[in-house]
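Trainee: no FASTA, just this:
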């Protein structure tokens with residue numbers, strides 16, 4: 001293994017360790033991205049002294065390179081990338097003053113910070129831009145095409161190539177030669193075989209699928225040397241036009257991508273039956289059905305006579321259609337109900353006023369006993385109105401009636417902080433107690 005290869009592998013190994021350590025540290029705080037790998041091809045165009053004195057198409061000196069990169073995103077925008085590149089750089093002068101040429105084999109490793117904009121404006125876009133900048137090391141070995149076969153190339157002022165120098169005594173016997181473009185002569189390059197490189201650039205990512213991305217971009221690479229072309233006369237650099245295909249090592253599937261839900265079976269969650277009535281929760285219109293109660297296809301308790309009271313609570317099985325019933329499904333005598341309700345309502349403001357003057361649990365219980373007598377006179381029918389939604393939490397036993405004990409419990413809960421009732425709601429609750 002030559003010295004350049006050892007330097008290249010040493011730097012590449014160092015950059016890889018730095019990159020992986022950085023990625024592992026960031027991965028503890030962001031698990032949305034997994035490492036990705038990209039392979040691709042680059043077109044490389046050298047800029048330096050050799051090649052600047054030519055009237056030829058500058059793309060004739062372009063050469064191919066091949067790269068492999070590993071990237072880890074550690075946030076919504078930024079990521080870190082480690083890249084290895086192998087390729088060639090070349091330059092050719094074609095003028096009356098210069099016919100220099102060279103071709104250099106290069107191996108480059110660099111670490112880059114990337115800025116990806118695929119999640120800034122829109123989730124999962126088809127196309128998104130990216131930028132990058134970094135630092136690395138390039139090892140190179142340069143050669144020149146000075147021979148054709150065993151003959152040395154001599155460039156004459158008329159533009160021809162001969163096997164003898166134009167000013168030689170036997171120049172008249174010179175034969176015309178053509179370059180074979182075989183770079184066979186190794187150049188000394190002032191004993192410089194490697195240099196730091198600063199790449200920077202950007203491009204576009206084309207996303208298809210959840211894991212695959214095609215990338216098109218360009219990088220300008222500043223080389224910290226003047227000796228790649230063996231002249232030392234001008235700073236060296238090169239432009240790379242890159243095309244690659246990237247694969248991200250992440251899981252895909254129908255479940256949530258959030259790591260918190262990776263072990264959740266969402267298909268089974270969709271078919272839970274919390275009240276065990278035989279109807280899945282996603283199709284159950286009546287959640288919390290008591291155990292053993294028969295239900296219909298909507299998961300609601302059966303109501304054979306259609307009076308609005310389920311069969312398991314209905315004390316009058318065959319109520320005539322259209323009759324008004326109490327909470328137990330028993331037909332209400334509307335005339336008696338109206339009369340007793342009128343008597344009760346007429347006394348409600350007076351009772352409420354008396355309670356405000358001398359509030360006590362004993363007084364509430366007294367009023368409750370009077371209400372029971374009214375219901376007894378009505379044949380056991382509950383004379384109650386529907387409890388307003390904001391007061392329903394006070395109905396502890398869910399019987400549709402606010403009792404004195406339930407008011408007491410609600411007030412106690414207010415003072416020990418376990419209730420969300422306010423003073424205003426407590427006042428409304430007491431007023432409702434007298435009105436029900």
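Mentor: The structure has been received and is ready for your questions. Remember, predicted model here, so these are calculated numbers, not experimental data.
Trainee: count of neighbours near the spatially closest residue to residue 290 that is not a sequence neighbour?
Mentor: In space, and not counting its chain neighbours, residue 290 is closest to residue 312: 7.4 Å by C-beta to C-beta, 6 or more residues apart in numbering. The way it works is simple: take the backbone N, C-alpha and C, and place the C-beta from them, glycine included. Neighbourhood size, residue 312 [other C-beta atoms under 10 Å]: 13.
Trainee: now for residue 404: which residues touch it?
Mentor: For residue 404, the contact set (C-beta atoms under 8 Å, 6 or more residues apart in numbering) comprises 361, 364, 365, 367, 368, 433.
Trainee: just give me the least confident of those residues.
Mentor: Of all those, residue 361 carries the smallest pLDDT score, 68.
Trainee: rewinding a little: what about the contacts of residue 404, which one has the most neighbours?
Mentor: Compared across the contacts of residue 404, residue 433 has the highest neighbour count, 24 neighbours, by other C-beta under 10 Å.
Trainee: so what's the closest residue to that one other than its chain neighbours up against?
Mentor: In this structure, residue 433 finds its nearest non-sequential neighbour in residue 402, 5.3 Å apart by C-beta to C-beta, 6+ apart. By C-beta under 8 Å, 6+ apart, the residues touching residue 402 are 387, 391, 394, 395, 429, 432, 433, 436.
Trainee: on that earlier part again, including distance to residue 406 and secondary structure, could the contacts of residue 404 go into CSV?
Mentor: Formatted as CSV, these follow (distance: C-beta to C-beta, whole Å; DSSP: H, G, I helix; E, B strand; the rest coil):
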residue, distance to residue 406, secondary structure
361, 12, helix
364, 10, helix
365, 12, helix
367, 13, helix
368, 10, helix
433, 9, helix
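Trainee: now, which of these sits nearest residue 300?
Mentor: residue 433 (30.9 Å; C-beta to C-beta).
Trainee: in the sheet, which residues pair with the nearest residue to residue 208 once chain neighbours are set aside? Tell me.
Mentor: In space, residue 208 comes closest to residue 214 once its chain neighbours are excluded; the distance is 7.2 Å by C-beta to C-beta, 6+ apart. Taking DSSP bridges as the rule, residue 214 bridges to residue 206, residue 245.
Trainee: burial count for residue 214?
Mentor: Residue 214 has 16 neighbouring residues, counting by other C-beta under 10 Å.
Trainee: isn't it right next to residue 203, touching?
Mentor: No. Residue 214 is beyond contact range of residue 203, at 10.5 Å (criterion: C-beta atoms under 8 Å).
Trainee: distance of the residue sitting furthest away from the middle of the chain from residue 212?
Mentor: In the chain, the greatest distance from the average C-alpha position (C-alpha atoms, centre = their mean) is reached by residue 169, at 77.2 Å. For residue 169, the distance to residue 212 (C-beta to C-beta, to the nearest Å) stands at 68 Å.
Trainee: can you tell me the SS state at the residue nearest to residue 433?
Mentor: With DSSP: H, G, I helix; E, B strand; the rest coil as the basis, residue 402 sits in coil.
Trainee: now do it, the pLDDT please.
Mentor: 85.
Trainee: repeat for residue 330
Mentor: 80.
Trainee: count of neighbours near it?
Mentor: 19.
Trainee: shaky segments in the stretch 251-400 of the chain?
Mentor: For the stretch 251-400 of the chain, the stretches flagged by pLDDT under 70 are 251-271, 333-361, 371-385.
Trainee: please redo it, this time with the cut-off set to 80
Mentor: 251-271, 325-329, 332-386 (pLDDT under 80).
Trainee: now do the helices in it.
Mentor: For the stretch 251-400 of the chain, applying DSSP state H, counting those that start in this stretch gives helices covering 266-269, 334-357, 361-377.
Trainee: so how far is stretch 37-44 from its chain's centroid?
Mentor: 27 Å (C-alpha atoms, centre = their mean, to the nearest Å).
Trainee: could I get the average pLDDT for it?
Mentor: 98.
Trainee: what sits up against it?
Mentor: Here stretch 37-44 has contacts from 62-71, 85, 87-89, 215, 238-247, 249, using C-beta under 8 Å, 6+ apart.
Trainee: kindly report the same for stretch 407-420.
Mentor: 361, 364, 393, 394, 396, 421, 426, 429, 430, 433.
Trainee: quick check: the two most widely separated of the residues you listed?
Mentor: Across the contacts of stretch 407-420 (C-beta to C-beta), the longest gap, 19.6 Å, separates 361 and 393.
Trainee: what's the closest non-adjacent residue to residue 98?
Mentor: Nearest one to residue 98, counting by C-beta to C-beta, 6+ apart, is residue 53 at 4.3 Å.
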